[in-house]
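K.L.:
Sequence plus predicted model, see below.
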Amino acid sequence: MTASTGKTAVTPDTHTTPPARFSHGVRKGNILQVAGQVGFLPHVEGQPPTPAGPTLREQTQQTLENVRSVLEAGGAGWDDVMMIRVYLTDTAHFAEMNDIYNTYFEEQGLKEAPAARTTVYVGLPAGLLIEIDALAVLG
Amino acid sequence: MTASTGKTAVTPDTHTTPPARFSHGVRKGNILQVAGQVGFLPHVEGQPPTPAGPTLREQTQQTLENVRSVLEAGGAGWDDVMMIRVYLTDTAHFAEMNDIYNTYFEEQGLKEAPAARTTVYVGLPAGLLIEIDALAVLG
Amino acid sequence: MTASTGKTAVTPDTHTTPPARFSHGVRKGNILQVAGQVGFLPHVEGQPPTPAGPTLREQTQQTLENVRSVLEAGGAGWDDVMMIRVYLTDTAHFAEMNDIYNTYFEEQGLKEAPAARTTVYVGLPAGLLIEIDALAVLG
């Protein structure tokens, strides 16, 4: 945190160091922004970032867990999330992603839809099938 | 609304049920986030979501109306919108979308530009030419 | 500013008039949203928008400067930025963009990562290689 700005960088221990000067999350006041997360497994010292697996299922579950880690490191949880942005690479993945997404939030014990959401189809680095970021408002 | 989080799901009667566990809009305090809207006509019981038509004009007008419905169901209006994200599928649609967009806001009686905006070109499900989401700050 | 909404349009003198009814930036209360910026040089009366150059380096530097101009016109700076959205057109540009990005923020004298960030790969108008928008929370 910088005293001057009141802004706190949020970086879970499990996460790889970002590949540039940005943070996995930033909190200021009651707003917490989670940076784009992908399906990388928890960081292992000396190893490059490694996806949880090649499948949409593995990557979606891991990506959601990575978003959750940032939320929790920032003092928030899924209940605080206002917006989830989902980036897929293939429109054919939409139905399956929704299944995995619904099951994930059911297992998190959330009674309600956690947030608003936008899903669009973009390019991602080779091997990555999904990226998710989130905006949370606490309190 | 959940008493615990102060977050309210916003779902206009006209809207189709989202295809997964998310809300068309979420309000918490003075922040209202509108999920990605497309050019679907108002929901008719027992029928699948149907675009307003195949053209950019039809879909852009309907999409903007769908955003407006969520804003209004959440107690807000275009005047409260800070950011509009426009997703098109083809750079050749930019000029025409802007024409439709400008006319729409003129007809809404807005004297000023309603918000900041980002337009990018992505993939969308077959038949859909535009998607729009919005962030509003009330009060 | 409209007295009714408390929303202020932010438009640096250096910027071209937006191609539709939107603002380069909007501030309301302590929130400042910067619209998608590209690598256009400062506006010259009577001339169409002109990119700083054909290269990723030129466009990234100019785009970041254009975001900064909007932040400053809105009473903010990089320290206030919570989220930076980077849109590239080619995954092969990621490493070089990060280099330019890191150097830029080092030269701005920022000790910390300025914000959370999401980078995705989309289509942009011909000749443009990067677009960036930003959300700032002041105070």
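P.N.:
Sure, I can see it. Numbers count the residues shown, from 1 in each chain, chains lettered A, B, ... in the order given.
K.L.:
Quickly find the element holding the most centrally placed residue in chain A.
P.N.:
Ranked by distance to the mean C-alpha position of chain A (C-alpha atoms, centre = their mean), the top residue is residue A:67 at 2.8 Å. Here residue A:67 sits within helix A:56-73, counting by DSSP states H and E.
K.L.:
Run through who's touching that helix.
P.N.:
Surrounding helix A:56-73, the residues in contact under the criterion C-beta atoms under 8 Å, 6 or more residues apart in numbering or on different chains are A:10-12, A:14-15, A:24-25, A:32, A:34-35, A:37-41, A:51-53, A:77-78, A:80-81, A:84, A:93, A:96-97, A:100-101, A:104, A:108, A:128-134, A:136. To be clear about C-beta, it is placed using only N, CA and C from the backbone, and glycine gets the same treatment.
K.L.:
by contact count, what packs against whichever helix or strand comes after it?
P.N.:
Per DSSP H and E, helix A:56-73 leads on to strand A:81-88 as the next helix or strand towards the C-terminus. Applying 3 or more C-beta pairs under 8 Å, 6 or more residues apart in numbering or on different chains; DSSP states H and E, we find strand A:81-88 packed against helix A:94-107, strand A:116-121, strand A:130-137, strand B:25-28, strand B:31-37, strand C:116-121.
K.L.:
Does the fifth one reach chain A?
P.N.:
Yes: under the criterion of C-beta under 8 Å from any C-beta of the partner chain, chain A is reached by strand B:31-37 at B:31, B:33-36.
K.L.:
Most neighbours among the residues you listed, which one?
P.N.:
When neighbours are counted by other C-beta atoms under 10 Å in any protein chain shown, residue B:34 leads these with 31 neighbours.
K.L.:
quick revisit: and the residues of strand B:31-37 next to chain A, which two are furthest apart?
P.N.:
The largest separation in the residues of strand B:31-37 next to chain A, counting by C-beta to C-beta, is between B:31 and B:36 at 17.0 Å.
K.L.:
re earlier: what's the spacing between the residue nearest to the centre of chain A and residue B:116?
P.N.:
As defined by C-beta to C-beta, to the nearest Å, residue A:67 lies at a distance of 25 Å from residue B:116.
K.L.:
Likewise for residue A:18?
P.N.:
For residue A:18, the distance to residue B:116 - C-beta to C-beta - is 25 Å.
K.L.:
Between these two, point out the one with more neighbours.
P.N.:
Neighbours were counted for residue A:18 and for residue B:116 using other C-beta under 10 Å; residue B:116 has more, 29 against 17.
K.L.:
Which residues are in contact with that one?
P.N.:
B:82-84, C:22-26, C:33-35, C:133.
K.L.:
May I see those residues organised as a markdown table, with pLDDT added?
P.N.:
Formatted as a markdown table, those follow (pLDDT from 0 to 100):
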| residue | pLDDT |
| --- | --- |
| B:82 | 97 |
| B:83 | 98 |
| B:84 | 98 |
| C:22 | 94 |
| C:23 | 95 |
| C:24 | 97 |
| C:25 | 97 |
| C:26 | 97 |
| C:33 | 98 |
| C:34 | 98 |
| C:35 | 98 |
| C:133 | 98 |
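K.L.:
quick one: residue A:40 and residue A:51 touch, right?
P.N.:
Yes: with contact defined as C-beta atoms under 8 Å, residue A:40 reaches residue A:51; the gap is 6.1 Å.
K.L.:
What residues does chain A have near chain C?
P.N.:
On the criterion C-beta under 8 Å from any C-beta, chain C has as its neighbours in chain A the residues A:2, A:4-7, A:9, A:18-26, A:28-29, A:31, A:33-36, A:85, A:87, A:122-126, A:131, A:133, A:135.
K.L.:
Neighbours of residue A:8, how many?
P.N.:
By the measure other C-beta under 10 Å, the count of residues near residue A:8 is 18.
K.L.:
Over to residue A:90?
P.N.:
12.
K.L.:
who's in contact with it?
P.N.:
By C-beta under 8 Å, 6+ apart, the contact set of residue A:90 is A:121, A:129.
K.L.:
Enumerate the residues of chain A near chain B.
P.N.:
Among all residues of chain A, those adjacent to chain B (criterion: C-beta under 8 Å from any C-beta) are A:30, A:79-80, A:82-84, A:91, A:94, A:98, A:101-102, A:105-106, A:110-122, A:135, A:137, A:139.
K.L.:
Residue A:80 is in contact with residue A:135, isn't it?
P.N.:
No: taking contact to mean C-beta under 8 Å, the distance of 9.5 Å between residue A:80 and residue A:135 leaves them out of contact.
K.L.:
Would you mind grabbing the residues shared as contacts by the two?
P.N.:
Taking C-beta under 8 Å, 6+ apart as the contact criterion, the residues that touch both residue A:80 and residue A:135 are residue A:32.
K.L.:
Leaving out sequence neighbours, find the closest residue to residue A:137.
P.N.:
Spatial nearest neighbour of residue A:137, excluding adjacent residues (C-beta to C-beta, 6 or more residues apart in numbering or on different chains): residue B:28 at 4.9 Å.
K.L.:
Now for that neighbour: which residues touch it?
P.N.:
For residue B:28, the contact set (C-beta under 8 Å, 6+ apart) comprises A:82, A:137, B:5-8.
K.L.:
hmm, try it at 10 Å
P.N.:
With contact set as C-beta atoms under 10 Å, 6 or more residues apart in numbering or on different chains, residue B:28 has these partners: A:30, A:80-82, A:136-139, B:1, B:5-8.
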